[in-house]
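1. let me see the structure of the following:
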Amino acid sequence: MFARATRPLQRALAPLGDRILIRKAVVETQTAGGILLPTDSAKESNEGTVVAVGPGLRDVSGVLHAPTLKAGDSVLLPKYGGAEIEI
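-> Numbers count the residues shown, from 1 in each chain. This is a model prediction of the structure:
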């Protein structure tokens, strides 16, 4: 009767073209020495890990130019670049 409810409700995100999906790193709230940092003074993280990469774009002659990144690579993010989504 409830066949749909037994399936896991999970979607796979697949970027198109030259798009790259990145998961931002969690901001650390404790230093290596054990000092706890207040959450309001912690800077926003500009580091992340590549989750998925699109196939690339084709130029005018039809040649596919694939991105040089692959899943699992660590990257630095620009401050005002990209589009944020929440999963």
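2. need the next SSE after the longest strand anywhere in the chain, C-terminal direction.
-> Longest strand in the chain by number of residues (criterion: DSSP state E): strand 47-53. Where DSSP states H and E defines the elements, the next helix or strand beyond strand 47-53 is strand 57-58.
3. what pairs with that next one, parallel or antiparallel?
-> strand 64-65 (antiparallel) (DSSP bridges).
4. show residues contacting the following helix or strand past the partner strand.
-> Next in sequence after strand 64-65, counting helices and strands by DSSP H and E, comes strand 74-76. Contact partners of strand 74-76, identified using CB atoms under 8 Å, 6 or more residues apart in numbering, comprise Ile22, Asn46, Glu47, Gly48, Thr49, Val50, Leu69. C-betas here are computed from N, CA, C, even on glycine.
5. mind giving me the ChimeraX select for these, buried ones only?
-> In ChimeraX, a selection of the buried entries from the contacts of strand 74-76 looks like this (16 or more other CB atoms under 10 Å):
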select :22,48,50
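6. just send the contacts of strand 74-76 back as CSV, with distance to Glu86 and pLDDT too.
-> Shown next, in CSV, are the contacts of strand 74-76 (distance: CB to CB, whole Å; pLDDT from 0 to 100):
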residue, distance to Glu86, pLDDT
Ile22, 14, 89
Asn46, 18, 84
Glu47, 18, 88
Gly48, 15, 90
Thr49, 17, 93
Val50, 18, 92
Leu69, 22, 91
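7. max pairwise distance over the contacts of strand 74-76: which two?
-> Asn46 and Leu69 (16.3 Å; CB to CB).
8. what sits against His65?
-> Shown in contact with His65 (CB under 8 Å, 6+ apart): Asp18, Gly56, Leu57, Arg58, Asp59.
9. ok, of those residues, which come out buried?
-> Judged by 16+ other CB under 10 Å, buried ones among the contacts of His65: there are none.
10. from the residues you listed, which is closest to Gly34?
-> Taking CB to CB as the measure, Gly34 sits nearest to Asp18 out of the contacts of His65, at 42.9 Å.
11. what pLDDT does the closest one get?
-> Listed pLDDT for Asp18 reads 89.
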